[in-house]
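In: any chance you could fold what I've pasted below:
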Amino acid sequence: AASLELEADVRSLVRRAARQMGGSGAPGAAVLDTIHVLSAYAGISALARVFRETGALELLLGMLCHEEPRIRRGAGRMLRALASHDAGSRAYVLLSLSQQDGIEQHMGFDSRYTLLELFAETMSSEEHCMSFEGIHLPQV
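Out: Predicted coordinates for the structure are as follows:
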């Protein structure tokens, strides 16, 4: 029962964050608070599936490229928390961002650093089962 409640919380928080990010004007403290809570939930390995199902990874991609540095940093923390136990999410974000033209121009230093860390972890992990040959990754 507790697991179902946590999953419902994640779904609700992802919808709220998407609404806050899509709203008019600059996102304020409310979206930062939502990102902070989502980051805490992202650290729970049993919830990784819910993050993938709710579209949180797509939301994360947008947050990593957001103009507001605090949102980019918050997204980086959320991605690190999720990637610490979910290699599939880490690979999805890396591959999605690497396929966008000129992505490095839309990301802050923190976001690029986070991606490089995640790429290094992916390449050095024992579970390495994918090839990144021929795929352009963001440059620092």
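
In: where are the low-confidence patches of this structure?
Out: Residues of the chain that meet the criterion pLDDT under 70 lie in 24-27, 98, 100-112, 114-115, 117-140.

In: buried residues, the helix ranked longest in it. List them.
Out: Longest helix of the chain, by residue count under DSSP state H: helix 2-22. Within helix 2-22, the residues scored as buried using 16 or more other CB atoms under 10 Å are 7, 10, 11, 13, 14, 16, 17, 18, 20, 21. Bear in mind the C-beta positions are built from the backbone N, C-alpha and C, glycine included.

In: distance check, the second one against residue 1.
Out: Computed with CB to CB, to the nearest Å, the distance linking residue 10 and residue 1 is 15 Å.

In: all helices for the chain, in order.
Out: Under DSSP H, the chain gives helices at 2-22, 29-42, 48-53, 56-64, 69-83, 87-98, 109-124.

In: run through who's touching the second one.
Out: Residues from elsewhere that reach helix 29-42 (CB atoms under 8 Å, 6 or more residues apart in numbering): 6, 9-10, 13-14, 16-17, 20-21, 47, 51, 56, 63, 70-71, 74-75, 77-79, 81-82.

In: now do 7 Å
Out: The contact list for helix 29-42, computed with CB atoms under 7 Å, 6 or more residues apart in numbering, reads 6, 9-10, 13, 16-17, 20-21, 47, 51, 63, 70-71, 74-75, 77-78, 81-82.

In: so who does the nearest residue to residue 15 once chain neighbours are set aside touch?
Out: Distances taken as CB to CB, 6 or more residues apart in numbering put residue 54 closest to residue 15, at 7.7 Å, once the chain neighbours are dropped. Neighbour list for residue 54: 10, 11, 14 [criterion: CB under 7 Å, 6+ apart].

In: report the two of the buried residues of helix 2-22 separated the most.
Out: Maximum pairwise distance among these (CB to CB): 21.3 Å, between 7 and 21.

In: give me the number of residues near residue 93?
Out: 22 (other CB atoms under 10 Å).

In: quick one: residue 79 from residue 8, how far?
Out: Taken as CB to CB, the span from residue 79 to residue 8 is 22 Å.
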